[in-house]
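In: Have a look at this fold, sequence not included:
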């Protein structure tokens, strides 16, 4: 029989007491959760491995993914055929998919060449130990796993580097990496690495949240909500709209096009022209690598569970991150609320980027509650999400604008997301004709939208001397796949 159990120590104690023969940990535990328990179980004659039967190394530094047990944990008591169970587990299709997704299979040098980019970086003490005054050879995660397996390696951190494995003559995956890189280059026309010059200066200096802005769209096209529900029934993927097509659709609602595409085009065109006008974005725009990435989110609004939450995350080129462990991010991200459910989860934006250390203090956040026709825009590199939290749900008082208070009878939180990519594009495709037909309402795009900028209230400018009327809300930081109240 099986029984779900919480807490790493509780699992181990149930095992040691003889109540259970085997305990399985999920993919969310960290090394500090299992270090002591693994020592106790091993001392008692038990066995501890990941779900693939590989030993777990608890010595720091661990990996580019922080201190997470990325391949799960399995502990068995003495006398249990642990190796046979691990063999059974690792052959499950579900676990094979997870492991392949968590191990970048291609060398980043195939895309970056000698250009240095921010990426997880290692050195190999077996092949190329650093010498005083000599060159230091850096290696990407894929090469460490495939070209330097079982070597004495050290994780340096997420730093600016390029992989030296090919140049040093060790790379065993250069051919397949080049073939994969060519497929990226065929679509994107240039290495899809986000390089925004003086990005922090242009996007607000010390606080990237200075770029946060809110707009009201008084008359949303009436067909958007129905189209959004139709689309998520077909696909939950993101879609691409090239800059030329976006600028064309943004000025005309004629032709058999999907209302979602038309609205994405209008959002892109409005903000690109606004950002060019205030100097945030330069006038030189490359058509091949600029455009709008768009998709919809339809979430339940009732309850405190994973069906209502959008985990905190970074918007990025997901395929590039999966295949090469490289980060490419939109210049700006926008969220438009298609209905008014102020009691549902708010959008929270944190002043934290992927390149920064996970333990870097977050001094500021922005909170946005859903309101029909409301749109927010923020630096596309920032951490954000819509967590489920009992104290945050329903905390919004509706504000002063009556147009923001209109409620809907439905119990779904529907949002439309448009990411603005300038001179760097993700590895995604446009909406297909078949998908467009299933979305429906072709040509029913309505009149062009009006975007009215609204004030963003600074709820707390400084902590000193401020009296607190409500309760403190404790928000957990970056965690993979977690829903905060579960």
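Out: Nice, I can see it. Everything numeric in this text was worked out from a predicted model, so none of it was measured.
In: All the strands of the stretch 251-400 of the chain, in order from the start?
Out: In the stretch 251-400 of the chain, the strands defined using DSSP state E, counting those that start in this stretch lie at 291-300, 310-313, 332-337, 347-353, 365-368, 374-379, 382-386.
In: And the lowest mean pLDDT element among the helices and strands of this protein?
Out: Lowest by mean pLDDT, DSSP states H and E among the helices and strands of the chain is helix 199-202, with a mean of 45.
In: Next secondary structure after that one?
Out: Toward the C-terminus, helix 199-202 is succeeded by strand 213-216 as the next helix or strand (DSSP states H and E).
In: which secondary structure elements does that following strand contact?
Out: strand 374-379, strand 452-454 (3 or more CB pairs under 8 Å, 6 or more residues apart in numbering; DSSP states H and E). Just so you know, the C-beta spots here come from the backbone N, C-alpha and C atoms, and that holds for glycine as well.
In: right, and these - which one's nearest residue 420?
Out: The stretch from those with the least distance to residue 420 (CB to CB) is strand 374-379; that distance is 8.3 Å.
In: one step back: now the strands of the stretch 251-400 of the chain in TSV, with distance to residue 117 and mean neighbour count?
Out: Putting the strands of the stretch 251-400 of the chain into TSV (distance: least, CB to CB, whole Å; neighbours: other CB atoms under 10 Å) gives the following:
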stretch	distance to residue 117	mean neighbour count
strand 291-300	20	22
strand 310-313	20	18
strand 332-337	21	24
strand 347-353	14	21
strand 365-368	28	18
strand 374-379	19	24
strand 382-386	19	22
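In: of those strands, which approaches residue 413 most closely?
Out: Nearest to residue 413 among those is strand 291-300; the distance by CB to CB comes to 4.6 Å.
In: quick one: the helices in the stretch 351-486 of the chain?
Out: With DSSP state H, counting those that start in this stretch as the criterion, the stretch 351-486 of the chain has helices at 433-439.
In: quick one: low-confidence parts of it?
Out: Applying pLDDT under 70 to the stretch 351-486 of the chain flags the ranges 393-410, 443-445, 457-486.
In: The stretch 51-200 of the chain now?
Out: Across the stretch 51-200 of the chain, the ranges flagged by pLDDT under 70 are 60-67, 90-91, 93-103, 188-200.
In: cutoff 80 now
Out: Within the stretch 51-200 of the chain, the stretches with pLDDT under 80 are 52, 54, 57-71, 84, 86-104, 131-135, 185-200.
In: which residues in it form strands?
Out: For the stretch 51-200 of the chain, the strands defined by DSSP E, counting those that start in this stretch occupy 73-76, 117-124, 153-161.
In: Out of these, which gets nearest to residue 289?
Out: Distance to residue 289, taken as CB to CB, is lowest for strand 117-124 among the strands of the stretch 51-200 of the chain, at 15.9 Å.
In: Pretty sure residue 326 sits against residue 112.
Out: Yes. Taking CB atoms under 8 Å as the contact criterion, residue 326 and residue 112 are neighbours in contact, 7.5 Å apart.
In: Those two: which is more packed in?
Out: Set side by side, residue 326 and residue 112 show more neighbours around residue 326, with 24 against 20, by other CB atoms under 10 Å.
In: Tell me the spacing between that one and residue 75.
Out: Separation of residue 326 from residue 75 (CB to CB, to the nearest Å) stands at 35 Å.
In: before we move on, what about residue 36?
Out: According to CB to CB, residue 36 and residue 75 sit 12 Å apart.
In: do residue 286 as well
Out: 53 Å.
In: who's more crowded, the two?
Out: For residue 286 and residue 75, the more surrounded residue by other CB under 10 Å is residue 75, and the numbers stand at 26 against 13.
In: Surely that one touches residue 48?
Out: Yes. In this structure, residue 75 is within contact of residue 48 by CB under 8 Å, at 4.9 Å.
In: Which neighbours do those two have in common?
Out: By CB atoms under 8 Å, 6 or more residues apart in numbering, residue 75 and residue 48 have these common neighbours: 38, 41.
In: before we move on, the earlier item: and residue 11, which of the strands of the stretch 51-200 of the chain is closest to it?
Out: strand 73-76 (7.3 Å).
In: now that closest one: how far from the chain's centre is it?
Out: 29 Å (CA atoms, centre = their mean, to the nearest Å).
In: Relative to that strand, what are the paired strands and their orientations?
Out: strand 22-25 (antiparallel), strand 47-49 (antiparallel) (DSSP bridges).
In: With mean neighbour count and distance to residue 281 as new columns, can those be given to me in TSV?
Out: Shown next, in TSV, are the strands paired with strand 73-76 (neighbours: other CB atoms under 10 Å; distance: least, CB to CB, whole Å):
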stretch	mean neighbour count	distance to residue 281
strand 22-25	20	46
strand 47-49	21	50
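In: and of those, who's closest to residue 370?
Out: Of all the strands paired with strand 73-76, strand 22-25 sits nearest to residue 370, with 35.4 Å by CB to CB.
In: Please report how far whatever residue is furthest in space from the centre of the chain lies from residue 49.
Out: Distance from the C-alpha centroid of the chain, by CA atoms, centre = their mean, peaks at residue 79 (42.0 Å). Using CB to CB, residue 79 is found at 16 Å from residue 49.
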